[in-house]
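Asks: Here's a sequence, model it:
(one chain, ligands or ions: 1)
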Amino acid sequence: MQLKTISWEKGKIRIIDQSKLPEKLEYISISDIKTLWRAIKSLQVRGAPALGAAAGLGVYLGIKDSSAKSFPQFSRELKRVSGYLAASRPTARNLFWGLERICSIALRNKNKPVAEIKKIIFKEGQKIIQEDRVACRKIADYGEKLIRHRDCVLTVCNAGILATIDYGTALGVIYRAKEQGKKIKVFACETRPMLQGARLTTWELKRKGIDVTLICDNMAATLMRQGKIDKVIAGADRIASNGDTANKIGTYNLAVLSKYHGIPFYIAAPASTFDLSIKSGRQIPIEERKAEEVTRLFFKKPMAARGIKVFNPAFDLTPHNLISAIITDKGVIRSPYHKNIRKILAPGAKLIGHLPKIQACTCPTKGAGTSTASHQVQAQLRTRCKISLAGGGRL
Ligand code: MRU
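Replies: Predicted coordinates for the structure are as follows:
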């Protein structure tokens with residue numbers, strides 16, 4: 001059976017509940033945006049491209065029953081729903097990209113009846129899904145050429161089917177290499193604390209018949225030193241215009257280790273993950289999550305002294321100079337990134353500020369806060385939800 005991470009079925013959003021994997025493959029249906037918000041926050045649906053799709057379908061879910069009669073009335077609801085979803089998780093660019101896309105198309109059609117705009121929003125949500133399916137396969141086509149027969153690839157977190165609609169970015173490259181007849185071995189870092197590598201990547205790769213071995217995160221250096229790793233491929237949550245990349249915590253470690261050991265380190269991501277409005281990774285908000293994820297979540301007994309201080313950033317930043325290439329759906333981008341990203345993704349475009357922008361928000365809902373946020377991150381999260389759209393329009 002083909003996996004579909006997120007889709008629209010019978011008037012609801014249907015997702016694979018990733019919190020149940022690898023024990024159970026269970027789909028759940030979501031019929032209101034509060035439940036969707038919680039599903040995003042609790043990683044039942046996760047991975048940057050899947051969050052882009054959740055944004056598209058989520059906005060439709062939130063406005064489909066609107067009784068607004070005029071665009072100003074409707075746009076207030078649209079803004080409320082988008083702002084609410086934007087406050088779920090701050091790092092993955094795709095979530096904001098999806099929200100901006102939907103708000104932007106609504107604004108461009110503001111002279112149409114509300115019922116018509118709702119249909120347009122629904123179609124745009126479906127388009128986001130279709131485009132991700134195509135983008136992942138293009139990434140796979142470009143990326144596969146970098147992989148040799150009998151290569152041994154190290155990956156982190158889950159950048160596969162479960163993080164996208166149905167194919168994956170980093171893991172998509174491996175799937176395509178296998179489809180081309182190449183024999184590939186994968187080492188999957190378990191990815192503490194939420195274990196996306198152990199719970200999701202190994203499950204997904206095994207299901208696809210890929211030779212995969214699970215390792216603890218702190219074993220990567222030893223494997224590299226033993227000459228067992230030919231390449232590292234990871235996904236991305238947000239890539240700045242200079243190539244600095246935010247991805248799952250631990251990615252930066254692997255990039256540093258790869259440099260030391262002379263191993264190519266690749267990032268695989270669609271265009272929707274790039275944030276061309278920011279110059280460097282310093283401007284990427286890094287999510288911090290609950291202490292319990294580190295101290296007890298997957299353990300029968302507490303794994304740390306009661307009340308211990310915990311620092312739990314969900315992502316880290318890999319500076320562009322540690323990245324050998326970024327594999328995108330538009331082609332493989334290499335250094336100098338500040339020039340080549342623009343050349344490949346937006347030729348001719350004025351990058352900074354030309355896009356509609358929805359920023360990470362304060363979390364307005366109970367339970368949304370970060371438990372141990374540093375001052376810097378709290379300041380980033382305090383940024384109010386700003387929704388201003390292309391063409392000078394405002395919702
Ligand atoms: O916290 P998560 O599980 O949403 O983090 C996901 C990742 O870090 C992925 O590597 C990234 O989103 C790319 S997915 C194609």
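
Asks: Quick check: closest non-adjacent residue to residue 62.
Replies: residue 81 (3.4 Å; CB to CB, 6 or more residues apart in numbering). (Each C-beta comes from the backbone N, C-alpha and C, glycine too.)

Asks: dump the residue contacts of the one you found.
Replies: By CB atoms under 8 Å, 6 or more residues apart in numbering, the contact set of residue 81 is 33, 58, 59, 62, 63.

Asks: how near is the closest residue to the ligand within the stretch 251-395 of the chain to residue 194?
Replies: Among the residues of the stretch 251-395 of the chain, residue 314 lies closest to the ligand, at 5.2 Å counting by CB to the nearest ligand atom. Distance from residue 314 to residue 194, counting by CB to CB, to the nearest Å: 8 Å.

Asks: How about residue 127?
Replies: Going from residue 127 to residue 194 by CB to CB gives 30 Å.

Asks: can you confirm residue 65 is in a helix?
Replies: No: counting by DSSP: H, G, I helix; E, B strand; the rest coil, residue 65 falls outside a helix, being coil.

Asks: didn't residue 48 look like it was pressed against residue 97?
Replies: No: under the criterion of CB atoms under 8 Å, residue 48 makes no contact with residue 97, lying 9.2 Å away.

Asks: what about the helix ranked longest in the chain, average pLDDT?
Replies: Ranked by residue count, the top helix of the chain under DSSP state H comes out as helix 114-144. Helix 114-144 shows a mean pLDDT of 98.

Asks: residues bridging contact with residue 48 and residue 97, i.e. touching both?
Replies: Counting by CB under 8 Å, 6+ apart, the common neighbours of residue 48 and residue 97 are 272, 273.

Asks: Tell me which other helices or strands the longest helix of the chain touches.
Replies: Other helices and strands packing on helix 114-144, by 3 or more CB pairs under 8 Å, 6 or more residues apart in numbering; DSSP states H and E, are strand 6-9, helix 48-63, helix 71-86, helix 93-108, helix 170-179, strand 265-268, strand 325-328, strand 331-333.

Asks: For residue 189, grab phi and psi.
Replies: When read as degrees, to the nearest 10, the backbone of residue 189 gives phi -70, psi 140.

Asks: ok, now which ones touch the residue nearest to the spatial centre of the chain?
Replies: In the chain, the centroid-proximal residue (CA atoms, centre = their mean) is residue 48; its distance is 1.2 Å. Neighbouring residues of residue 48 by CB under 8 Å, 6+ apart: 92, 93, 94, 95, 163, 235, 236, 237, 238, 269, 272, 273.

Asks: any idea how far the ligand is from it?
Replies: Counting by CB to the nearest ligand atom, to the nearest Å, the separation of residue 48 from the ligand is 4 Å.

Asks: before we move on, back to that, what about the contacts of residue 48, which one has the most neighbours?
Replies: Compared across these, residue 163 has the highest neighbour count, 33 neighbours, by other CB atoms under 10 Å.

Asks: Might one say that residue 295 is in contact with residue 303?
Replies: Yes: look at residue 295 against residue 303 with CB under 8 Å: they come within range, at 5.7 Å.

Asks: Just the pLDDT at the residue in the chain sticking out farthest from the centre, thanks.
Replies: Using CA atoms, centre = their mean, the residue of the chain lying farthest from its centre is residue 69. It sits 35.1 Å away. pLDDT, residue 69: 96.

Asks: One more: residue 166?
Replies: We have a pLDDT of 97 for residue 166.

Asks: Apart from its neighbours in sequence, what residue is nearest it?
Replies: residue 4 (5.5 Å).

Asks: With residue 186 as the reference, measure out to the one you found.
Replies: 23 Å.

Asks: now swap in residue 290 and tell me
Replies: For residue 290, the distance to residue 186 equals 30 Å [CB to CB].

Asks: now swap in residue 66 and tell me
Replies: From residue 66 across to residue 186, the span is 46 Å (CB to CB).

Asks: How about residue 260?
Replies: Distance, residue 260 to residue 186, by CB to CB: 21 Å.

Asks: these two touch, right, residue 344 and residue 333?
Replies: Yes: with contact defined as CB under 8 Å, residue 344 reaches residue 333; the gap is 5.3 Å.

Asks: the more surrounded of these two?
Replies: Each of residue 344 and residue 333 has its neighbours counted (other CB under 10 Å); residue 333 has more, 25 against 17.

Asks: Show the contacting residues for the residue of the stretch 151-300 of the chain found nearest the ligand.
Replies: With CB to the nearest ligand atom, the shortest gap between the stretch 151-300 of the chain and the ligand falls at residue 235, namely 2.7 Å. Taking CB under 8 Å, 6+ apart, we find residue 235 in contact with 47-48, 157-159, 163, 169-170, 247-248, 267-269.
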